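requesting a structural model of the entry that follows:
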Amino acid sequence: MTDRLKHKETAAMFTLMVLGREVPNQELEEVVGFTLTGKERRGLNELGYVESDQTGKNNSFVHVLSDSGWAWCEKELAAGGPPPPRGQSTLASALYVLLGGLNGYLERENLRLFQLFRLAEVPPAPADEAAPTGNLEDRIRVAYRELVKEPRGWVGLVDLRPKLGAPAAEVDAVLKELSRVGKVHLIPEDNRKALTAADHEAAIRIGGEDNHLLSIEAL
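Down below sits the predicted model:
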């Protein structure tokens, strides 16, 4: 069961979930009609669900879901929300029916929540741009060579994938096999706070752990 949050805190969590990126208070006001300040902000910060920073001339707050925040949202969807108290609006009750249906879809499609609400769409390649050539392993090596800054350095999968021109499932299968035979190395990002929704989406899960970085020793 997830930690019970008050209505405004829950609304802020779901709004940050859908937007899937850093959101300034001004945008929250425009989207949902309130800002995340005061005890609600401090409470979510203390729980570790939301990371907030002050930026700009006015030191306005900017908020983003943490890994724990994404996990809370996933659990809240799976739980179907709290039992409807007396007086709860029909709209609030219907929202949790909708969220329960969304969770069912994610489970059927074997998707994670951050894969649905992505940070940004990868722009499509121009129509006249030549399609990548060579087999996928070769393309991975070429893309890695273009991105790496030092021998055997680490490259983010979020930067590698757009260069490959292949479906994520195919890339995952090749990377897992290359990792199994020791041709590539895959590790998680140590600084989890630095991860964006796009990093989460690009990660490859091996042995129950999300890996975000890749290194190739021999090119």
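
hey, let's count contacts and neighbours off CA atoms from now on
Fine.

now the element after the top helix by length along the chain, going C-ward?
The helix spanning the most residues in the chain, taking DSSP state H as the definition, is helix 90-109. Next along the chain after helix 90-109, taking DSSP states H and E as the criterion, comes helix 113-116.

chain center to that following helix, what's the gap?
Taking Cα atoms, centre = their mean, to the nearest Å, the mean C-alpha location of helix 113-116 is offset from the chain mean by 6 Å.

just the mean pLDDT for that helix, thanks.
The predicted model gives helix 113-116 an average pLDDT of 73.

who are the neighbours of that helix, in terms of helices and strands?
Helices and strands touching helix 113-116, by 3 or more Cα pairs under 8 Å, 6 or more residues apart in numbering; DSSP states H and E, are helix 67-79, helix 197-202.

as TSV, the ones you listed with distance to residue 173 and mean pLDDT would be great.
Below are those laid out as TSV (distance: least, Cα to Cα, whole Å; pLDDT from 0 to 100):
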stretch	distance to residue 173	mean pLDDT
helix 67-79	25	85
helix 197-202	14	90
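
output the ones you listed as CSV; include the columns distance to residue 5.
Output for the helices and strands packed on helix 113-116, formatted as CSV (distance: least, Cα to Cα, whole Å):
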stretch, distance to residue 5
helix 67-79, 10
helix 197-202, 23
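
quick one: the helices in this protein?
7-19, 25-32, 38-47, 67-79, 90-109, 113-116, 136-147, 157-160, 168-180, 197-202.

so residue 216 sits right up against residue 179, yeah?
No: checked against Cα atoms under 8 Å, the pair residue 216 and residue 179 is beyond contact range at 9.8 Å.
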